[in-house]
Structure formats: C-alpha cells, structure tokens
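Enquirer: Sequence and predicted model, in that order:
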Amino acid sequence: MPRLTKTTHVLETLLSEINRPETQHGDCLPSERELGERFHVSRVVIRGALARLEGEGLIYRMQGKGAFVSKNKVNQNASRLTSFTQDMLQRNMTPGSKVLAKEFVPCTPFLSSKLQIHNEEHVFMLKRLRMADNSPMAIEVCFLPESIGRQIVDHLVDNASLYQLLAEKCGIQLKYAMQTIEVGTLEKIERDLLGQNCPRCTAIITRQTFDVDNNAVEFVESRYRSDRYLFRMLLELKEQETNT
Ligand code: 16G
C-alpha cells in the first residue's frame, strides 16, 4: 500500500474513534509504537496521521506524555443536511438557543432572490444565539418567507428547534441546501454575545435550504466561534475522472 493510502486509512480509523460519543476530551491515544503495531505501518506513517489530526485540532500533544483527544471543537460534517439541534444531540451535547429577535421585516431584492419570492413585501427574520452545553457557539440570522413565519412565530421560543417546527407545524420536508463557508471578523457586540475569549476571526456560513418540491424555505447566515468549530467535508472523485 502506498504511504499516502496507509496514512489515510490510519487517519480515517482514528477519526471515527475520536468521533464516537464515548470518546472523551483528554482521552489518551496509544503510543506511536502501539499504533504502528496495530495498523502494521511504520512510525513515519503514524506520525503523518497524528500530525494531520493535530493540525485539525482533533488531538493535542503534551511533551513526554503523548497525544490526547481534543473535543473542544465541534467537528461538523458540512456535507449533511442536519439541524443545529441534531448536530449537538449527536455529540451528546445539550443544544440550546436564545432568541435575540424575531420579527417581520421588509423584503430586500437580495432576500427575495434567496427565498425565491417575488410579490411578498415582508419576510420573517429570526436571530438566535446557539449554544451547546450552555456555551455559546454561533449567532444565526435566519430569513423565511412570511407565510411560513406566520405559522411558527409563536412557537419559536428559546431552545425550540426550527427544523422540527417546520416539519410539525408546516408539514415541510427539507431535502437539500446550498451552503457557503467564508472567513470573516466579528464586531465587538457579536464577540460579547459569543462569550469570553471569543476570537475576532469567525467562520461565516450561509445556507439556502430547499424542500422536496424545490421551494426555498430558509436563508441563514451564521457566525461561528472559530475556536469551537471544525467543518469536515468528504470529497469524492467523479467516476469519469477516476477512469481517465
Ligand atoms: C443549522 C443550520 C441552519 C438551521 C438550523 C436549524 C448550518 C450552517 N445551519 O444551524 O440553517 O436553521 O440548523 O436548527 O448548519 P434547529 O432546528 O436546531 O433550530
């Protein structure tokens, strides 16, 4: 097996073990020698895999003591359409949210194109602070068509799940989303909301979500604490590219 393939195998196996709910922050990884014996690979391969995990913030090392699991960052699979509530529950964390604002606001040309609405004067805006285990993770500003907003506005209280309400109150079945990720900086007021020692740098994610009938249901812009989140994507070579 080429070295790169061996490293990927070790990496993927360790990654899935780190992601298991029973793996805790601070758990000690086996030594390089033990890992080499387990995977039947050289120490160079193990070091390569560990360096990648360290680079992604999934492990940390202490000199003379070894490598340890770091669960300070939420490792999110950015290729799945899940809600914040589902993401946190999957990690055995308690999801939470604080409603910062919910109101009907005038629709701009930008929002009318994102929500694919043409004759509506207003859209529903929901601004929330998202939390995991009571610790702030992100500020989310979500826009929905007015007709949907009217059906759920009264139910959108602290800690409610928007996706659950869309399904239960509006019968909306979500199907896919277009998502963008870029790097930005936070205003002081946003840093104050996101809690102590919040870095200035943030990951800005936008999501335009569609239902099974291809209707745009939401447009969301979220600002995540960059020290608490890591977005992971699985990239696959297209079949025709493999064959060329
Ligand atoms: C996630 C979605 C957001 C959605 C929210 C619903 C991203 C980047 N965004 O935060 O678009 O509105 O989940 O979460 O993942 P909820 O059902 O817990 O309220």
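Expert: Right, received. Where do you want to start?
Enquirer: Nearest spatial neighbour of the residue nearest the centre of the chain, chain-adjacent residues omitted?
Expert: Ranked by distance to the mean C-alpha position of the chain (C-alpha atoms, centre = their mean), the top residue is Gln76 at 4.1 Å. Distances taken as C-beta to C-beta, 6 or more residues apart in numbering put Phe231 closest to Gln76, at 5.5 Å, once the chain neighbours are dropped. (C-beta placed from N, C-alpha, C; glycine too.)
Enquirer: ok, now Ser70?
Expert: Tyr60 (5.0 Å).
Enquirer: close enough to count as contact, that neighbour and Lys71?
Expert: No. With contact defined as C-beta atoms under 8 Å, Tyr60 does not count as touching Lys71 (10.6 Å).
Enquirer: Now do the strands in the protein.
Expert: Assigned by DSSP state E, the chain shows strands spanning 59-62, 66-69, 74-77, 95-106, 122-132, 135-145, 174-185, 201-211, 216-225, 229-232.
Enquirer: for those strands, which one sits closest to Leu29?
Expert: Leu29 lies closest to strand 66-69 among the strands of the chain, at 4.3 Å (C-beta to C-beta).
Enquirer: Which positions in the closest one come out as buried?
Expert: Neighbour counts over strand 66-69 (16 or more other C-beta atoms under 10 Å) mark Ala67, Phe68, Val69 as buried.
Enquirer: Redo those residues as TSV? Include pLDDT and distance to the ligand.
Expert: As requested, the buried residues of strand 66-69 are exported to TSV (pLDDT from 0 to 100; distance: C-beta to the nearest ligand atom, whole Å):
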residue	pLDDT	distance to the ligand
Ala67	91	29
Phe68	89	28
Val69	88	24
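Enquirer: Any chance of a markdown table for these, columns distance to Ile148?
Expert: Below are these laid out as a markdown table (distance: C-beta to C-beta, whole Å):
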| residue | distance to Ile148 |
| --- | --- |
| Ala67 | 47 |
| Phe68 | 45 |
| Val69 | 41 |
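Enquirer: Name the nearest of these relative to Glu12.
Expert: Closest to Glu12, out of all of the buried residues of strand 66-69 and judged by C-beta to C-beta, is Val69, at 15.8 Å.
Enquirer: Just give the closest residue to the closest one, not the sequence neighbours.
Expert: Asp27 (4.4 Å).
Enquirer: so the one you found touches Ala67, yeah?
Expert: No. Asp27 is beyond contact range of Ala67, at 9.9 Å (criterion: C-beta under 8 Å).
Enquirer: so which of the strands of the chain comes closest to Glu34?
Expert: Per C-beta to C-beta, nearest to Glu34 of these: strand 66-69, 10.0 Å.
Enquirer: Give me the contacts around the closest one.
Expert: For strand 66-69, contacts defined as C-beta atoms under 8 Å, 6 or more residues apart in numbering pick out 18, 23-29, 31, 50, 53-54, 58-62.
Enquirer: So among the residues you listed, which ones count as buried?
Expert: Ile18, Leu29, Leu50, Leu53, Leu58, Ile59.
Enquirer: Nearest to Thr8, out of the strands of the chain?
Expert: Minimum separation from Thr8 across the strands of the chain (C-beta to C-beta) falls at strand 229-232, 14.0 Å.
Enquirer: Give me the sheet partners of the closest one and which way each runs.
Expert: With DSSP bridges as the test, strand 229-232 is paired with strand 74-77 (parallel).
Enquirer: and the strand it pairs with, average pLDDT?
Expert: Strand 74-77 shows an average pLDDT of 73 in the prediction.
Enquirer: what about it, near the ligand?
Expert: No. Figure legend: strand 74-77 not in contact with the ligand (C-beta under 6 Å from any ligand atom); closest approach 7.3 Å.
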